[in-house]
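Trainee: Using only what follows, build the 3D model:
(2 chains)
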Amino acid sequence: MKFRLFICGENTSSNLAVRNARRLVQGLNGNSHDLEIIDVLDSPELAEEARILATPTLLKEDPAPLRMLVGDLSDLKRVRSILQLPAEVEYEKNDGGHQ
Amino acid sequence: MTIALERLITGIEGLDAILEGGLTRNRSTLVAGTSGSAKTVLAVQFLAEGITKFDEPGVFVTLEESPDDLRKNMMGFGWDIEKWEREGKWAFVDASPRGREQPIIAGEFDFGALIARVKNAAGKVKAKRASIDTLAAIFLTYKDIDIVRRELLLLTEALKELKITSLITVERLHEYGEISRFGVEEFVTDNVIVLRNPMERERRRRTIEVLKLRGANHNKGEFPFCVSAGRGIAAIPLSAIELKQHSSNIRVTSGNDILDRMCNGGVFRDSVILVSGATGTGKTLLSTQFLNGGAKKNERCLLLAFEESREQLFRNARGWGVDFEGLEKAGLLKVICMYPEVRGLEDHLLAMRTAIEEFKPQRVAVDSLSALERAGHPRGFRELIIGLTSFIKTKEITGLFTATTSTLVGGASITETHISTITDTIILLRYVELFGEIRRGITVLKMRGSKHEREIREMLIDEHGMHIKEPFRRLAGVLSGNPQVLTEPFSPDGDSHAEAYSADG
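Mentor: Just a heads-up that it's a prediction; the model follows:
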């Protein structure tokens, strides 16, 4: 699986999205997944290429179909169901940011 | 103390006059319109005029159509976006939804990516202008109106910081009523322009209105505009041009010596003459002689005909001893026949202006305006006359328009009542019933800025054209078509006890 997460600088929703995306990917342990984090302030060209408007945006690029999730991904359960990912057995409740 | 805001001349024909000098610099203007109201054309043209006329590069943020579609669709207006992209004068920010599924909202978000992309594109081309087309898509996708509004505000602020003047288009559902579909967009911009495209008498009539221009003056109300290939949007800023009309004191011939004398030595060069009369009173003849008189002095003459075919016009002219073919061959005459019903009035105006710009005549005859009147709404008709009149005057052209009265004797035409205040000179041609005969009369009713003869003269028509004779003497009520013979000279103070006999009595 391949994910790309677009964020815009350092802010609450960026940080939250990064943590949630990491947790999502960790939960898929054992698969050959990859998470790339792109800051649009550093690489606007990549946002242009992927036609990203909103931040944070999580793109699931592989396997098809492409999925686009906008927001801080705070509802991980919903995110998993949208991306049709297997539910995490030991689902760790989002406590608002502490790792 | 108020400081006048610096303006940015859009370069869009007519719009700067309506804006009284252009948009306010570094600010955002919302352009609201129903679908098909030419919002995208305006958004593209804003950048196109900037690039071609002022060397001001631009960023185009497309939220609906793909850049490829825009590149193709806008070629018809003569805008080669691809070339400007290569030259580094135009940059797209492609936010079109094509081939992509809708994003799913999962938590808090902002438009940081969009703003970063706009800044990046602006930096690349050193943009002075930006267009964002159109917001509807963004509202439909990112349903949280409060967030969208907050983010739009951030976007307009970013543009301001970059010293970019921008247009943001937004869709509205109805021609009148709330400005925009989501009812919030107008609060994020300083200025609001509304494009309308309502049906009037089975025809679309496009108008543009500047609703708000914060901190600056502008012309109020709706102004007609047309959209045409190779040109784009051209607005007709009526009140703005009317003020600028100038006139010269140079006189030119009307094509008839006696008529020139009646006008105290000819008509003014930058003036418009209205010839009003019933069918068959000699309007087409008068315009033929008007053109012939110009051509004889080596002036280029243009005839815009709306009633008769080319063949008819040439045959008529021949019948009056005027050689249209010869004049055309010599390059002194161009005859363009148009059918009034085939297009709307705005398009007619544009077609006439284009014909004038191409042929560059010194005189223009329009025969007849009344035919055009049938092609549209009275208000649109008046606007057409104003637009055409002012255009002719700024080009230092002598114009002659004919108008047909609906009744055979006497009477005023609707055309006349609409436009008499706009034209400089009015010549009346009337049938006169006299001693059981129908005769023709001609008089100069009005001539702005000049003395003119006030008498009504008899006019004869034969194979040599028209002949203006002596004034009708000792008659009253000639213009009514049913004059009365006076036994004593008519006294204008009205208390004369002159006996009057009915002419046919």
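Trainee: State the distance from the residue nearest the centre of chain B to chain A.
Mentor: Centroid-nearest residue in chain B, with Cα atoms, centre = their mean: residue B:387, separated by 3.8 Å. From residue B:387 across to chain A, the span is 42 Å (Cβ to the nearest Cβ, to the nearest Å). (Each C-beta comes from the backbone N, C-alpha and C, glycine too.)
Trainee: does that residue count as helix, strand or coil?
Mentor: helix (DSSP: H, G, I helix; E, B strand; the rest coil).
Trainee: Surely it and residue B:350 touch.
Mentor: No. Taking contacts as Cβ atoms under 8 Å, residue B:387 lies outside contact range of residue B:350: 9.1 Å.
Trainee: Could you report the pLDDT at residue 99?
Mentor: Unless you meant another one, I'm taking chain A. Listed pLDDT for residue A:99 reads 43.
Trainee: that's the other chain; I wanted chain B
Mentor: 70.
Trainee: again, but for residue B:183
Mentor: 65.
Trainee: So which bits of the longest helix seen in chain A are buried?
Mentor: Across chain A, the longest stretch assigned as helix under DSSP state H is helix A:12-26. For helix A:12-26, burial by neighbour count (16 or more other Cβ atoms under 10 Å in any protein chain shown) applies to A:13, A:14, A:16, A:17, A:18, A:19, A:20, A:21, A:23, A:24, A:25.
Trainee: Kindly report the same for stretch A:71-87.
Mentor: Neighbour-count burial for stretch A:71-87 [16+ other Cβ under 10 Å]: A:71, A:72, A:73, A:74, A:76, A:79, A:80, A:82, A:83, A:85.
Trainee: Show me the contact partners of it.
Mentor: For stretch A:71-87, the surrounding residues in contact (Cβ atoms under 8 Å, 6 or more residues apart in numbering or on different chains) are A:12-13, A:16-17, A:20-21, A:23-24, A:27-28, A:54, A:56, A:58, A:60, A:67, A:69, A:88, A:91, A:94, B:104-109.
Trainee: Return the distance of that stretch from the chain's centre.
Mentor: Taking Cα atoms, centre = their mean, to the nearest Å, one finds stretch A:71-87 lying 9 Å from the centre of the chain it belongs to.
Trainee: before we move on, back to that, farthest pair within the buried residues of helix A:12-26?
Mentor: A:13 and A:25 (18.4 Å; Cβ to Cβ).
Trainee: separation between the closest residue to chain B within chain A and residue A:54?
Mentor: Across chain A, no residue is closer to chain B than residue A:8, which sits at 2.6 Å (Cβ to the nearest Cβ). To residue A:54, residue A:8 is 9 Å away according to Cβ to Cβ, to the nearest Å.
Trainee: Between those two, which contacts overlap?
Mentor: B:110, B:112, B:113.
Trainee: of all the residues you listed, which comes closest to chain A?
Mentor: Once Cβ to the nearest Cβ is applied, the member of these that ends up nearest chain A is residue B:112, at 2.6 Å.
Trainee: which residues does the closest one contact?
Mentor: Residue B:112 neighbours (Cβ under 8 Å, 6+ apart): A:7, A:8, A:9, A:40, A:41, A:54, A:55.
Trainee: Among the residues you listed, which are located in strands?
Mentor: Those of the contacts of residue B:112 mapping onto strands are residue A:7, per DSSP state E.
Trainee: thinking again about what came up before, spatially, which two of the buried residues of stretch A:71-87 are the most separated?
Mentor: Farthest pair in the buried residues of stretch A:71-87, by Cβ to Cβ: A:72 and A:85, 17.6 Å.
Trainee: For residue 13, give me its contacts.
Mentor: Picking chain A for this. A:55, A:56, A:71, A:72, B:107, B:108, B:109, B:110.
Trainee: Oops, wrong one, chain B.
Mentor: The contact partners of residue B:13, by Cβ under 8 Å, 6+ apart, come to B:231, B:233, B:234, B:235.
Trainee: Could you tell me how many residues sit around the first one?
Mentor: Other residues near residue B:231 come to 15 when the count uses other Cβ atoms under 10 Å in any protein chain shown.
Trainee: roughly how far apart are it and chain A?
Mentor: 32 Å.
Trainee: Surely that residue and residue B:76 touch.
Mentor: No. If you go by Cβ under 8 Å, residue B:231 and residue B:76 don't touch, sitting 10.3 Å apart.
Trainee: Enumerate the residues of chain B near chain A.
Mentor: B:93-96, B:100-117, B:119-121, B:138, B:142 (Cβ under 8 Å from any Cβ of the partner chain).
Trainee: are any of these buried, and which?
Mentor: Buried, going by 16+ other Cβ under 10 Å: B:93-96, B:103, B:105-117, B:119-121, B:138, B:142, out of the residues of chain B next to chain A.
Trainee: residues contacting residue B:348?
Mentor: B:338, B:340, B:372, B:375, B:384.
Trainee: May I have the phi/psi pair for it?
Mentor: Main-chain torsions, residue B:348, degrees, to the nearest 10: phi -60, psi -40.
Trainee: ok, back up a step: in strands, which of the residues of chain B next to chain A fall?
Mentor: B:93, B:94, B:104, B:105.
Trainee: Taking those residues, tell me the two that lie furthest apart.
Mentor: Every pair of these checked by Cβ to Cβ; the farthest is B:93 and B:104, at 22.4 Å.
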